[in-house]
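>>> structure of the sequence below:
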Amino acid sequence: MAGALCYNQVNKSGFVRIIREIGRRGSMKLRLRLNANHLKLIAIIAMTIDHVSDLIYPGFPAEPGAMALHIVGRLTAPIMWFFVCEGYYYTRNVKRYMLRMGIFAVISHFAYCFAFGINPIPFSTGIFNQTSVMYPLFIAVLVLWMQDNDLPMKDWVKNTLIFVLVWSAFPADWSCIAVLAILEMYRRRGNLNAQMKQILLYVALYAAVSFFFVSKVFALIQIGVLLVYPVLKLYNGEKGDAKWMKWFFYLYYPIHLIVIGVLRVCIYGDVSLLF
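Numbers count the residues shown, from 1 in each chain. All right, here's what the predicted structure looks like:
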């Protein structure tokens, strides 16, 4: 009787351990349930909300509704930066990756200018928001490649060229801040907390410049980048099964901007939606 009782207790104890282990693994899977495709879809939705809010509330007015929508839109850029780091790390052909980014940067320039009523000739309307965020993303990949390879040039020439390339992104959406953030995030790849510190550092600098030279409202909404941390925390490191998402992510950006541009012209005429 005592032996049977002891046996049952051991079995019960083992059963409890198994249940706890299953629960622990299930909890881990629950916490890490977003793959790359899920995160890219979140970025697309947030980006669409952000740009539609530009259409509904042109000029970044200090209205609660407009600010709330733009805060949600702040999810997009950090997710883009995160996946540029991942894309550069995992790509089998860096040069093809750079070429793809460069082509989409050119296409997106005209789509971006049409969407928001900007002259496609750079600097004809000012120095800010002269092209899309795709240009800084392309420059970031180019600089990463230059840093990782021994090029047939002296170090000072290479460093000077990198400096010029980084600052060439200054007139773009997210400016050269996007390039600098990606470079620092890549060095800390695999450490989300360290990457998040770099995101906050550079976005704070971007907000400070925007506050004094662009728009105080635009500067204040940058606090929305804080929302990206719990989202990226759910990333499980997997690509996802939908292989078409890679091209959809590239194509959606210029296509949705063209749609925004058509709606802009139909609703307001040929006017700018930005500051």
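>>> make it CA atoms for all contacts and neighbour counts henceforth
OK.
>>> help me confirm that M101 comes into contact with L142.
No. Under the criterion of Cα atoms under 8 Å, M101 makes no contact with L142, lying 9.4 Å away.
>>> neighbours of A242, just the number please.
Under the neighbour criterion other Cα atoms under 10 Å, A242 is assigned a count of 10.
>>> ok, and the closest non-adjacent residue to it?
Among residues not flanking A242 along the chain, N37 sits closest, at 7.2 Å (Cα to Cα, 6 or more residues apart in numbering).
>>> can you pull the contacts of R33?
Residues near R33 by Cα atoms under 8 Å, 6 or more residues apart in numbering: L234, Y235, N236.
>>> now it: how far from R96?
According to Cα to Cα, to the nearest Å, R33 and R96 sit 30 Å apart.
>>> how confident was the prediction at the residue nearest to A242?
For N37, the pLDDT comes out at 94.
>>> and it, what helix or strand is that in?
Element membership for N37 (DSSP states H and E) is helix 36-56.
>>> residues in contact with that helix?
Counting by Cα under 8 Å, 6+ apart, helix 36-56 makes contact with 60, 66, 69-77, 79-80, 231-232, 235, 237-240, 242, 245, 249, 252, 256, 260, 263-264, 273-274, all of which sit outside it.
>>> of these, which belong to helices?
The subset of the contacts of helix 36-56 located in helices under the criterion DSSP state H comprises 66, 69-73, 76-77, 79-80, 231-232, 245, 249, 252, 256, 260, 263-264.
>>> which of those are buried?
Neighbour counting over these (16 or more other Cα atoms under 10 Å) leaves 66, 69-73, 76-77, 79-80, 232, 245, 256, 260, 264 as the buried ones.
>>> and the furthest pair within those residues?
The largest distance within these, taken as Cα to Cα, falls between L232 and R264 and amounts to 32.9 Å.
>>> list the contacts of M67.
Under the contact definition (Cα under 8 Å, 6+ apart), the residues listed for M67 are F60, P61, V217, I221.
>>> any weak-confidence spans in the stretch 151-275 of the chain?
Across the stretch 151-275 of the chain, not a single residue meets the criterion (pLDDT under 70).
>>> residues in contact with Y235?
Under the criterion of Cα under 8 Å, 6+ apart, the contact partners of Y235 comprise L32, R33, L34, N35, A36, L39.
>>> what's the closest non-adjacent residue to it?
What sits nearest to Y235 in space, not counting adjacent residues and going by Cα to Cα, 6+ apart, is L34, at 4.8 Å.
>>> pretty sure the one you found contacts N236?
Yes. Using Cα under 8 Å, L34 is in contact with N236, at 5.8 Å.
>>> what about the two, which has more around it?
A count of neighbours by other Cα under 10 Å puts L34 above the other of L34 and N236, at 21 against 17.
>>> that one: what's it in contact with?
Contact criterion Cα under 8 Å, 6+ apart gives L234, Y235, N236 as the residues in contact with L34.
>>> the most centrally placed residue in the chain and L232, how far apart?
Central residue of the chain (Cα atoms, centre = their mean): M80, 2.2 Å from the mean position. According to Cα to Cα, M80 stands 11 Å off from L232.
>>> same question for I199.
Using Cα to Cα, one obtains 12 Å as the distance from I199 to L232.
>>> same deal with S168?
The spacing between S168 and L232, counted by Cα to Cα, is 29 Å.
>>> same check, this time on I162
Noted for I162: a distance of 29 Å to L232, by Cα to Cα.
>>> what does P64 give?
To L232, P64 is 26 Å away according to Cα to Cα.
>>> over to M196?
As defined by Cα to Cα, M196 lies at a distance of 10 Å from L232.
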